[in-house]
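S.K.: Just need the structure, nothing else, for what follows:
(one chain, ligands or ions: 1)
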Amino acid sequence: MTDTKKKILLINGPNLNLLGTREPELYGTTTLAQVETALVERAARHNLELDYFQSNHEGHILDRIHQARTEGVTGIILNPAGLSHSSVAMRDALLGVAIPYIEIHITNRYQREKWRHQSHFSDKAEAVITGLGVFGYVASLDWWAWKLEGSSFEA
Ligand SMILES: O=C(O)[C@]1(O)C[C@H](CCCOc2ccccc2)[C@@H](O)[C@H](O)C1
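M.R.: Residues are numbered from 1 along each chain as shown. Got it, this is the predicted structure:
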């Protein structure tokens with residue numbers, strides 16, 4: 001029996017491995033491992049498979065994005081981190097593999113330095129979440145589940 005579960009890939013950019021251990025006033029106290037574990041379990045409840053990847057190296061992230069296409073990834077949850085504001089190459093990789101993504105940021109970037117207001121990813125994202133803390137990751141997954149389950153609205 002072939003595995004028919006749709007796959008969502010969670011990608012976190014540079015320094016997010018520090019989540020929960022540094023700057024809790026900005027990023028909270030939940031660790032990246034806790035986020036990843038929680039999303040894997042939540043995805044399974046939606047009959048989805050969730051894989052996750054974090055790197056401090058742009059090229060490794062590009063390689064993981066390229067690999068996603070060969071794996072048949074349906075959608076991406078992307079926190080580009082600092083690369084949000086600088087990486088045309090990462091934008092090109094995402095557009096190149098043509099996998100839809102939701103962009104998520106833990107902090108409200110519009111309350112921070114002006115240079116954080118711009119992202120190389122937002123205009124091509126399905127949606128952008130910024131400022132919900134790590135709940136933004138939960139919201140991103142639930143959005144993918146809702147989208148893939150037919151986008152029906154039940155009040
Ligand atoms: O708010 C977000 O999620 C950001 O993507 C986080 C990036 C920073 C990622 C580093 O995250 C850390 C987490 C905990 C401790 C230190 C860094 C920042 O450069 C973006 O402007 C907004």
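S.K.: contacts, neighbours, all on C-alpha from now
M.R.: Fine.
S.K.: Quick one: neighbours of H105, just the number.
M.R.: Counted with other C-alpha atoms under 10 Å, residues neighbouring H105 total 23.
S.K.: and what of S152?
M.R.: When neighbours are counted by other C-alpha under 10 Å, S152 comes out with 9.
S.K.: Name the SS class of it, please.
M.R.: coil (DSSP: H, G, I helix; E, B strand; the rest coil).
S.K.: OK, contacts around it?
M.R.: W146 (C-alpha atoms under 8 Å, 6 or more residues apart in numbering).
S.K.: same thing with I102?
M.R.: So I102 contacts I76, I77, L78, A125, E126, A127, V128, I129, S140 (C-alpha under 8 Å, 6+ apart).
S.K.: Can I have the buried ones of those residues as a ChimeraX selection?
M.R.: To isolate the buried members of those in ChimeraX, using 16 or more other C-alpha atoms under 10 Å:
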select :76,77,78,125,128,129,140
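S.K.: how about the contacts of I102, which pair is most distant?
M.R.: Spatially, the most separated pair among the contacts of I102 is I76 and I129, at 13.4 Å (C-alpha to C-alpha).
S.K.: Which of the contacts of I102 fall in strands?
M.R.: I76, I77, L78, A127, V128, I129 (DSSP state E).
S.K.: what's the fourth one in contact with, if anything?
M.R.: Think A127. Here A127 is in contact with Y101, I102, E103 (criterion: C-alpha under 8 Å, 6+ apart).
S.K.: and which of these is nearest the ligand?
M.R.: Nearest to the ligand among the contacts of A127, counting by C-alpha to the nearest ligand atom, is E103 at 9.1 Å.
S.K.: Many thanks, we can stop here.
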